[in-house]
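>>> here is a sequence with its predicted model. Questions after.
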Amino acid sequence: MLILLLVVLIVSLIEALYVMKKCVDLKKQNAPDSEYKKLINNISPVFTITTAISIIILIISYFVI
């Protein structure tokens, strides 16, 4: 179960670092607010799916162990 929790944590960390890198890149380009909104709109389905999968995995692992 610990390994599973670590994998979920690592995936979440990678997602957060990816968004941070993209935001820094937009900041360097002096991008308008619409570009930030476009970035979040493109990434939010991925975050929703990975969050749902993480919760399902954690619930299953809790009841299995």
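Happy to help now that I have it. Since we're looking at a predicted model, the values are computed, not measured.
>>> quick check, pLDDT for I59.
For I59, the model assigns a pLDDT of 88.
>>> over to I14?
As summarised for this prediction, I14 has a pLDDT of 93.
>>> K38 too?
Confidence score, pLDDT, at K38: 94.
>>> in contact with it, which residues?
Residues counted as contacts of K38 (C-beta atoms under 8 Å, 6 or more residues apart in numbering): none. Where C-beta positions appear, they are placed from N, C-alpha and C, glycine not excepted.
>>> what segments of this protein are helices?
2-28, 33-64 (DSSP state H).
>>> and I3, how far from I43?
Distance of I3 to I43, computed by C-beta to C-beta, to the nearest Å: 27 Å.
>>> could you check how far the most centrally placed residue in the chain is from S34?
Centroid-nearest residue in the chain, with C-alpha atoms, centre = their mean: E15, separated by 3.6 Å. Applying C-beta to C-beta, the value for E15 to S34 is 22 Å.
>>> the residue nearest to the centre of the chain touches F47, doesn't it?
Yes - between E15 and F47 a contact is recorded at 6.3 Å, counting by C-beta atoms under 8 Å.
>>> before we move on, the earlier item: now for the residue nearest to the centre of the chain: which residues touch it?
46-47, 50.
>>> grab the nearest non-local neighbour of Y36.
Ranked by C-beta to C-beta, 6 or more residues apart in numbering and with sequence neighbours excluded, the top spatial neighbour of Y36 is L26, at 6.1 Å.
>>> distance check, the one you found against V19.
11 Å.
>>> so what sits against both of those two?
The contact lists of L26 and V19 share L39, where a contact means C-beta under 8 Å, 6+ apart.
>>> just the pLDDT at the residue nearest to Y36, thanks.
With respect to pLDDT, L26 has a value of 93.
>>> OK, contacts around it?
For L26, the contact set (C-beta under 8 Å, 6+ apart) comprises 35-36, 39.
>>> ok, of these, which come out buried?
L39 (16 or more other C-beta atoms under 10 Å).
>>> Serialize the contacts of L26 to TSV and add fields for distance to I56.
What follows is the contacts of L26, written out as TSV (distance: C-beta to C-beta, whole Å):
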residue	distance to I56
E35	33
Y36	30
L39	26
